[in-house]
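here are the coordinates; sequence isn't available:
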C-alpha cells in the first residue's frame, strides 16, 4: 500500500514537470504573453500620431492651393484695369463736362420770353429774354418780330448794335426795345395786334436760330404802324429803351 502511494506521487510530479516543459517550448508562458501584449500596443501608439501628422499636412496643402486661388483672384482684382475703364470715364471730363459748358443759341426752347408796353419812352414796348436752360446761350443780332399775320419785317435800329454778341448765363436776362408807332402820327397802316411771334437769328445774319417764342400781349392788344423798329439785343434794359 505504501509503495503504491509513493509511485502515484512520483508519477504526478513527473506529469507536472512535463507540462511545464511543454508550455515553455510552445511559448505560452507568462513571459511570452507579456512581451506579445506590450509590443503591439507600443507599435500602435507610435503609428497613430505619425499617421495623424500626415493627415494634417495633407489637409494643409489644399489651403495652400486656396491661397494660390486667392492670388489669382487678386489678378482678377488686377482687372482693376476695369478701373482703367474709369479712365474712359475720365474721358467724360473731356466730352460730357466740356460739352455741357459749350455755348448754344438762345431761342424759344431754352428761354422765357416776355413782351409788354412801357410808359416811357412813349409808344415803346420792351421784350425780355431770360435764359431758362442749363447752358450759356448767345443772342446774335436782333429779334425778328411778327404781329398777327403781318407780311413785312420790322427793321433794326442800326445805332443800337452792341460791340459784342450778348451772352446769357443760366438765369440771366437780355432785352430789346420796340418802337411801335411814330409819336407824330406819320406812320402808315396803323392797326392793333393781339399776337406776337419772336424769332431768333443764328450765328449768321437772317439764319434760323431755332424755335420761336410767342409771348402773351395785353388783353386789349398792341397798336403799331409802318414806322415800327426794333433794337439789337442789349445786356441792360436802359440800353434797350434808349432808342
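Sure, I can see it. In this text the structure is predicted, and so the values were computed from the model without any measurement. Numbering: from 1, shown residues only.

show me how the record splits the chain into domains.
In the domain annotation for the chain, the residue ranges read 2-78, 104-240 (automatic domain parsing).

any chance you could map the strands in this structure?
With DSSP state E as the definition, the chain shows strands at residue ranges 104-105, 111-118, 124-131, 137-139, 144-147, 155-156, 166-168, 173-179, 191-193, 196-199, 222-224, 229-230.

can you tell me what sits against the fourth one?
Read that as strand 137-139. Defining contact as Cβ atoms under 8 Å, 6 or more residues apart in numbering, one finds that strand 137-139 is touched by 103-107, 110-111, 129, 131, 165-168, 174, 200, 203, 233. Just so you know, the C-beta spots here come from the backbone N, C-alpha and C atoms, and that holds for glycine as well.

ok, back up a step: which of the strands of the chain sits closest to residue 240?
With Cβ to Cβ as the criterion, residue 240 lies closest to strand 173-179 of the strands of the chain, at 3.8 Å.

and the nearest residue to residue 170 once chain neighbours are set aside, how far from residue 212?
Spatially, and ignoring its direct neighbours in sequence, residue 170 is nearest to residue 131 (5.3 Å; Cβ to Cβ, 6 or more residues apart in numbering). In this structure, residue 131 and residue 212 are 16 Å apart, going by Cβ to Cβ, to the nearest Å.

those two - which one has more neighbours?
When residue 131 is set against residue 212 and neighbours are counted by other Cβ atoms under 10 Å, the residue ahead is residue 131, at 22 against 17.

hey, what's that one bridged with?
Using DSSP bridges, the beta-bridge partners of residue 131 come out as residue 111.

select only the buried ones of the contacts of strand 137-139 in PyMOL?
Remark: buried members of those, expressed as a PyMOL selection using 16 or more other Cβ atoms under 10 Å:
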select buried, resi 105+106+107+110+111+129+131+166+167+168+174+200+233
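
ok, back up a step: which one of the strands of the chain lies closest to residue 207?
For the strands of the chain, the distance to residue 207 is smallest for strand 104-105, at 9.4 Å, taking Cβ to Cβ.

same for the closest one, what does it pack against?
Secondary structure elements in contact with strand 104-105, counted by 3 or more Cβ pairs under 8 Å, 6 or more residues apart in numbering; DSSP states H and E, are strand 137-139.

in its sheet, what does the strand it packs on sit against?
On the basis of DSSP bridges, the sheet neighbours of strand 137-139 come out as strand 104-105 (parallel), strand 166-168 (antiparallel).

so for it, mean pLDDT?
When pLDDT is averaged over strand 137-139, the result is 98.

likewise stretch 113-120?
Mean predicted lDDT for stretch 113-120 stands at 96.

also stretch 166-183?
Mean pLDDT, stretch 166-183: 97.

give the contact list for residue 115.
Applying Cβ under 8 Å, 6+ apart, one finds that residue 115 lies in contact with 125-128, 178, 196, 198, 215-217.

only whichever of these are buried, select them in ChimeraX.
In ChimeraX, this line selects whichever of these come out buried by 16+ other Cβ under 10 Å:
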select :125,126,127,128,178,196,198,215,217
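
list just the nearest of the contacts of residue 115 to residue 227.
Compare each of the contacts of residue 115 with residue 227 using Cβ to Cβ and the shortest gap goes to residue 178, at 11.2 Å.
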